[in-house]
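Chemist: could you look at this predicted model? Sequence included:
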Amino acid sequence: MKEIKINWYKPRSCWKKTYKGRTLYLASGLCESKEDELGKAHARVELADRMKQIDDELALEREAEKARQEKEAKAKADYKEMVDRERRIGAQSEAAAQAQSSDDLKDLPVCFLTDISDMVKLTRGTPNEQPKERTLVEEIDLYVDKVKQRATKKKENGGCSVSWFQETRDKLAEFVHYATFQGSLMLADCDRTLFEGYQELQSRQCDVGKTSPFTAKKRLKHARTFMEHCLRTERIDKIPAILDRKYAQIITLPEPNPTVLTSEQLKAFWNLATVPKKFSRKKGNRNALYMLLGLNCAYRAIDVSSLKHEHIKKSGDGFHYIDRKRNKTNAPQVHRLWPLTYQLLCQEMTDPNSGNPYCLESENGGPLVSYDLEVKSSHRDNIAGPWNTMRRKLKLTGKGLGHSSLRDTAATILAKLMPENNNVVSQFLSHKETKTLKYYVVPDYTQLFKGIDLLEKHFNLNM
């Protein structure tokens, strides 16, 4: 049998092999160097075991996928048969009603029959032109298509609504499965009993730990939003009374727990980010810039990716600031730039005269963050990738330690630096404005700019 080649992986002092799309790190902690034959023997023994394990797992996955497809095909066939049966019954009932109407009109004069026929054609159309009643699946498909159109438009404008579209599609698919199981095939069948049962099911799944509270609440929320859409478009006359604002509030969410990086962790990240070409193929200080935008402007990755040249402005006092609308909340996103932030931004930004409206692009010339509407695994984030590489280098594991933790860290420290003014933190995070502030108050960013200056002194990041 031909010996399988394995490669020495110096960063981890172990052997490395890619097998069926999975990267295997072999004999970790058992090898002193590349020339250690005993360590290499351990790696080959471990490789054989891992390959067998992967083959077994893939075989089980294939069997499970085959069983799932067969079950799904059977469910679709049963559903199609049920819908066809309902349509045949409806067609027979309509034919019987028409026949009865014909019997009732036999005794009328011919002139009356002509007038009635013309009136029916004018008011209801011919029988072939009558709109058929759509099933619940068809109604939801139409609604999801409209959501997709809105998401596509927002995506073209630099917004990030792809995840919102996918969430709408997936959560309504769960509702369709439940409604079909309960025998509710038409929109008119969606009554109070159906939504009470759906609410009880989501609550029960949360209690036993089968579904997270966030997922259950989103499922209830999207079911309610869909029915409200049907009411607005006059597909239904009214919605069940249970679908009020409290419908999804039966699910209690856990207390928020924002992740705040310590000063030592921030300093460690900064030391790695300021090494040119260390975690990026392109020479420069892109990772340092991404860190500064997170701390200076509370930017998430999509905010960095959608920053345009027209957003950067210069004040009469000589400092530069960003003035834009946040994609998620459409709230003002106004931040004074630290001198170092503006310096690195000028180094890394695209040419304003090139025709590209966005300030930053990936190393391949595309957007920093991109999604595909149809493919769940299409999320390409050129900001999170280098950040996670640095995080692994620092051996920081666990949830909540992504690039967005810079936003939480800066907001937490700003609240401590300016405890007397809570509105500053809200402005810094670009939270959605209340109607009072939006329509009756002229925004003032003097205190916000003061707070951003305090953050600069607190972090004291230099190159």
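Modeler: Perfect, I can see it now.
Chemist: can you give me the strands for the stretch 201-350 of the chain?
Modeler: Taking DSSP state E, counting those that start in this stretch to define them, one finds strands in the stretch 201-350 of the chain at 312-314, 320-325, 332-336.
Chemist: M291: which of these is closest?
Modeler: Evaluated with Cβ to Cβ, these place strand 332-336 nearest to M291, the distance being 14.7 Å. Using the backbone N, CA and C atoms, a C-beta is placed for each residue, glycine as well.
Chemist: ok and the closest one relative to strand 320-325, angle-wise?
Modeler: 170 degrees (axes from the mean of the first three to the mean of the last three Cα atoms, to 10 degrees).
Chemist: which strands and helices lie in contact with strand 332-336?
Modeler: helix 286-297, strand 320-325, helix 422-429, helix 446-459 (3 or more Cβ pairs under 8 Å, 6 or more residues apart in numbering; DSSP states H and E).
Chemist: would you mind getting the angle between the first one and strand 320-325?
Modeler: This means helix 286-297. 70 degrees.
Chemist: for helix 286-297, packing partners?
Modeler: Contact analysis of helix 286-297 by 3+ Cβ pairs under 8 Å, 6+ apart lists helix 263-273, helix 301-305, strand 332-336, helix 339-348, helix 384-393, helix 405-417, helix 446-459 as its packing neighbours.
Chemist: who touches the fifth one?
Modeler: Around helix 384-393, the neighbours that count as contacts under Cβ atoms under 8 Å, 6 or more residues apart in numbering are 269, 272-273, 279-280, 286-287, 290, 301, 397, 401-403.
Chemist: show me what counts as buried in it.
Modeler: 384, 386-388, 390-391 (16 or more other Cβ atoms under 10 Å).
Chemist: want to throw the residues you listed into a markdown table with pLDDT and distance to E3?
Modeler: Below are these laid out as a markdown table (pLDDT from 0 to 100; distance: Cβ to Cβ, whole Å):
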| residue | pLDDT | distance to E3 |
| --- | --- | --- |
| A384 | 89 | 38 |
| P386 | 89 | 36 |
| W387 | 92 | 38 |
| N388 | 90 | 34 |
| M390 | 91 | 36 |
| R391 | 91 | 36 |
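Chemist: can you give me the strands for the stretch 1-150 of the chain?
Modeler: Using DSSP E, counting those that start in this stretch, strands in the stretch 1-150 of the chain cover 7-9, 14-19, 22-26.
Chemist: point out the most buried one among the ones you listed.
Modeler: Greatest average neighbour count among the strands of the stretch 1-150 of the chain goes to strand 14-19 (a mean of 18), per mean count of other Cβ atoms under 10 Å.
Chemist: OK, contacts around the residue nearest the centre of the chain?
Modeler: What sits nearest the mean C-alpha location of the chain, by Cα atoms, centre = their mean, is S163, with 2.6 Å. By Cβ under 8 Å, 6+ apart, the contact list for S163 reads Y371.
Chemist: how close does it sit to L368?
Modeler: Separation of S163 from L368 (Cβ to Cβ, to the nearest Å): 16 Å.
Chemist: can you check I242 too?
Modeler: Taken as Cβ to Cβ, the span from I242 to L368 is 44 Å.
Chemist: ok, those two, which is more surrounded?
Modeler: L368 (23 against 16; other Cβ atoms under 10 Å).
Chemist: just checking, the more buried one touches V304?
Modeler: Yes. Counting by Cβ atoms under 8 Å, L368 does reach V304; the two are 6.2 Å apart.
Chemist: find the residues that touch each one of the two.
Modeler: 360, 383.
Chemist: from the chain's centroid, how far away is stretch 249-256?
Modeler: Relative to its chain's centre, stretch 249-256 lies at 20 Å (Cα atoms, centre = their mean, to the nearest Å).
Chemist: quote the end-to-end distance of that stretch.
Modeler: Terminal residues of stretch 249-256 are spaced 16 Å apart (Cα to Cα, to the nearest Å).
Chemist: which parts of that stretch are buried?
Modeler: I251.
Chemist: residues making contact with it?
Modeler: 199, 202-203, 206, 213-214, 216-217, 220.
Chemist: my read: Y321 touches V334, true?
Modeler: Yes. Assessed by Cβ under 8 Å, Y321 is found in contact with V334 at 6.6 Å.
Chemist: number of nearby residues for V176?
Modeler: The local packing of V176 (other Cβ under 10 Å) involves 19 other residues.
Chemist: quickly find the element holding it.
Modeler: If you go by DSSP states H and E, V176 is part of helix 162-181.
Chemist: quick one: that helix to chain centroid distance?
Modeler: Put simply, helix 162-181 sits 14 Å off its chain's centre (Cα atoms, centre = their mean).
Chemist: over to stretch 49-67?
Modeler: 29 Å.
Chemist: restricting to C-alpha, output it in PDB.
Modeler: What follows is stretch 49-67, C-alpha atoms only, in PDB (Å, rounded to 0.1, in the frame of the first residue of the first chain):
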ATOM      1  CA  ASP A  49      -7.600   6.200  13.000                       C
ATOM      2  CA  ARG A  50      -8.800   9.700  12.000                       C
ATOM      3  CA  MET A  51      -9.300   8.700   8.400                       C
ATOM      4  CA  LYS A  52     -11.400   5.700   9.400                       C
ATOM      5  CA  GLN A  53     -13.400   7.900  11.800                       C
ATOM      6  CA  ILE A  54     -14.100  10.400   9.000                       C
ATOM      7  CA  ASP A  55     -15.100   7.600   6.600                       C
ATOM      8  CA  ASP A  56     -17.600   6.200   9.100                       C
ATOM      9  CA  GLU A  57     -19.000   9.700   9.800                       C
ATOM     10  CA  LEU A  58     -19.500  10.400   6.100                       C
ATOM     11  CA  ALA A  59     -21.200   7.100   5.600                       C
ATOM     12  CA  LEU A  60     -23.600   7.800   8.400                       C
ATOM     13  CA  GLU A  61     -24.300  11.300   7.000                       C
ATOM     14  CA  ARG A  62     -25.000   9.800   3.600                       C
ATOM     15  CA  GLU A  63     -27.400   7.300   5.000                       C
ATOM     16  CA  ALA A  64     -29.100  10.000   7.100                       C
ATOM     17  CA  GLU A  65     -29.300  12.300   4.100                       C
ATOM     18  CA  LYS A  66     -30.800   9.600   2.000                       C
ATOM     19  CA  ALA A  67     -33.400   8.800   4.600                       C
END
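Chemist: still on that earlier bit, wait, which of the helices and strands packed on helix 286-297 is closest to F226?
Modeler: helix 301-305 (26.0 Å).
Chemist: list of residues touching the closest one?
Modeler: 158, 160, 290, 293-294, 297, 326-328, 333, 358, 360, 367-369, 381, 383-384, 403-404.
Chemist: C-alpha coordinates for that helix, PDB please?
Modeler: Provided in PDB are the C-alpha atoms of helix 301-305 (Å, rounded to 0.1, in the frame of the first residue of the first chain):
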ATOM      1  CA  ALA A 301     -17.900  44.200   9.700                       C
ATOM      2  CA  ILE A 302     -20.800  45.100   7.500                       C
ATOM      3  CA  ASP A 303     -20.400  48.800   8.500                       C
ATOM      4  CA  VAL A 304     -16.800  48.700   7.500                       C
ATOM      5  CA  SER A 305     -17.600  47.000   4.200                       C
END
